[in-house]
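Visitor: Pasted the sequence and its predicted model underneath.
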Amino acid sequence: KQWYQRRVRGKEGESEILQTSRSNVKFTAASWSLTRPGVFYIGKEDGNIDVWDLMDRSHEPSMSQNISSSAVTSLVPYRVSSKQVLLGVGDNFGTLHILEVPWSLRQPSPNELTAMSSYFDRECSRIDYYKDRDANRKTEVVDSAPQIPTALETSEEEEERLKKSFNNYLTMEKEFLVKLGLRKEDDPVELVH
């Protein structure tokens, strides 16, 4: 399945934070809400607007609204007062549509800013973890390529090889548990001798 990706700048360049399922319709405009840290709007080529409320769901838009029969070219939120927020939507015909943002999409929850900060921090950490894991796996594949014995192993050599392999497994298991926070870095690994 192919994915369109939203990218947020992280410590190692751009990272995919939000992903949407593939669509034949191009995204043509986007804007964050002025009052809700977890809400943003996406304008599309088919004249629709997707409203994303990350406090509600992060895998799909919370709602979609048809605005025009031509492509949405701009989205500009405007805060009139604490009780009214408007969304200006420009389309490819040059028409300006003014929409009033409903209360649920303009009134933040008491902990929304903290929740969204935690969400993006978690997602950035998850992405960094998978990038590191993939890099480690690539080096492990090269390092752990099976060695073809030149002669048959004696039982002592086979036992030594199996111990070494098991000790490598125990070391990798410890590293994994440390990354999950289930074990401390300085906990010893009990290797087989």
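Guide: Structure received.

Visitor: What segments of the chain are helices?
Guide: If DSSP state H is used as the criterion, the helices of the chain fall at 103-106, 112-143, 155-180.

Visitor: May I have the shortest one exported as CSV, CA atoms only?
Guide: In other words, helix 103-106. In CSV, the C-alpha atoms belonging to helix 103-106 read as follows (Å, rounded to 0.1, in the frame of the first residue of the first chain):
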residue,chain,number,x,y,z
TRP,A,103,-16.9,25.3,18.4
SER,A,104,-15.5,21.8,18.7
LEU,A,105,-12.7,22.7,16.2
ARG,A,106,-11.8,26.1,17.7
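
Visitor: can you give me how far it is from the chain middle?
Guide: Its chain's C-alpha centre and that of helix 103-106 lie 25 Å apart, by C-alpha atoms, centre = their mean, to the nearest Å.

Visitor: I'd guessed residue 178 sits against residue 186; true?
Guide: No: the criterion here is C-beta atoms under 8 Å, and residue 178 misses it with residue 186 at 9.6 Å. (Glycine included, C-beta is placed from N, CA and C.)

Visitor: Among those two, which residue is more densely surrounded?
Guide: residue 178 (14 against 6; other C-beta atoms under 10 Å).

Visitor: Report how many residues lie close to the closest residue to the more buried one other than its chain neighbours.
Guide: Take residue 178 and drop its neighbours on the chain: the residue closest to it by C-beta to C-beta, 6 or more residues apart in numbering is residue 185, 5.4 Å away. Neighbour count of residue 185, defined by other C-beta under 10 Å: 8.
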